[in-house]
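Visitor: I would like the atomic coordinates for the input below:
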Amino acid sequence: GEYLGNAWGLYSNLLLRPLVGYKHQPGAAGNETVGDLATEAPTPTDDGLTYTYTLRDGVKFGPPVDRAVTSKDVAYAMNRLANPKDGGQYSFYYTPIKGWQEVADGKATTVSGITTPDDKTIVFHLLKPTGDFNLRMSMPATAPIPKEVGDCFEGKPGDYGRNVISTGPYM
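Guide: Residues are numbered from 1 along each chain as shown. Model (predicted):
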């Protein structure tokens, strides 16, 4: 849930792989979204209400987890972000996802608009078209979190960020 530019740079460029990133080029080209954990930044379907991401092969969590990242790890991170007990500082960016507000209000435990039909696919169903959704999915808090570690920090806002399990290229 870190919300400072320096931290975002470290998380997004070294430690974490959100679904979407940016071209590492100077000028306007550097603002173009590209797939990071996902193979590409998808074009929405269903009149702008559905975003389907396919995960790249070969992305693993660093030690001590040391296993392949799955779509369920991304869904788990997003559900943690929606849960105010886990301290998502900028979870308001994701309220267009169906079921997000119900988790934020304590009426549900999982976001109904996030589905994982298989280990490589995650689908987001929105309440309204959100033209910058791929940009929102580039933020560090959307990066996958292994449940086996994240559960250790349930209800402890900020603690997971100090003990992050990396998916980034630093290794």
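Visitor: so which residues of the chain form strands?
Guide: 20-22, 33-35, 50-54, 114-118, 121-125 (DSSP state E).
Visitor: can you tell which of those is closest to residue 133?
Guide: Taking CB to CB, strand 50-54 is the member of the strands of the chain nearest to residue 133, at 5.7 Å. Placement of C-beta: from N, CA and C, glycine included.
Visitor: residues contacting that closest one, please?
Guide: Residues lying outside strand 50-54 but in contact with it, judged by CB atoms under 8 Å, 6 or more residues apart in numbering, are 19, 35, 37-40, 42, 44-45, 71, 74, 120-126, 133-134, 137.
Visitor: now that strand against strand 121-125, angle please.
Guide: Orientation note: strand 50-54 sits at an angle of 170 degrees relative to strand 121-125 (axes from the mean of the first three to the mean of the last three CA atoms, to 10 degrees).
Visitor: strand 50-54 vs strand 114-118, what angle?
Guide: Going by the same axes, to 10 degrees, strand 50-54 makes 40 degrees with strand 114-118.
Visitor: chain center to strand 50-54, what's the gap?
Guide: Distance of strand 50-54 from the chain centroid (CA atoms, centre = their mean, to the nearest Å) equals 12 Å.
Visitor: for it, what is the average pLDDT?
Guide: Taken as a whole, strand 50-54 has a mean pLDDT of 98.
Visitor: export only the CA atoms of that strand, formatted as PDB.
Guide: The C-alpha coordinates for strand 50-54 follow below in PDB (Å, rounded to 0.1, in the frame of the first residue of the first chain):
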ATOM      1  CA  THR A  50     -14.100  -6.600 -18.700                       C
ATOM      2  CA  TYR A  51     -10.300  -6.800 -18.600                       C
ATOM      3  CA  THR A  52      -8.700 -10.200 -19.100                       C
ATOM      4  CA  TYR A  53      -5.000 -10.700 -18.300                       C
ATOM      5  CA  THR A  54      -2.800 -13.700 -19.100                       C
END
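Visitor: now do the buried residues in that strand.
Guide: Within strand 50-54, the residues that count as buried by 16 or more other CB atoms under 10 Å are 51, 52, 53, 54.
Visitor: can you list those in CSV and add distance to residue 13?
Guide: Below are the buried residues of strand 50-54 laid out as CSV (distance: CB to CB, whole Å):
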residue, distance to residue 13
51, 23
52, 26
53, 20
54, 22
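Visitor: so, low pLDDT: which residues of this structure?
Guide: The model of the chain has pLDDT under 70 over residues 1-3, 87-88, 169-171.
Visitor: nearest residue to the residue positioned nearest the centre of it in space, please, no chain neighbours.
Guide: Computing the C-alpha centroid of the chain and ranking residues by CA atoms, centre = their mean puts residue 142 first, at 1.9 Å. Nearest non-adjacent residue to residue 142, counting by CB to CB, 6 or more residues apart in numbering: residue 18, 4.7 Å away.
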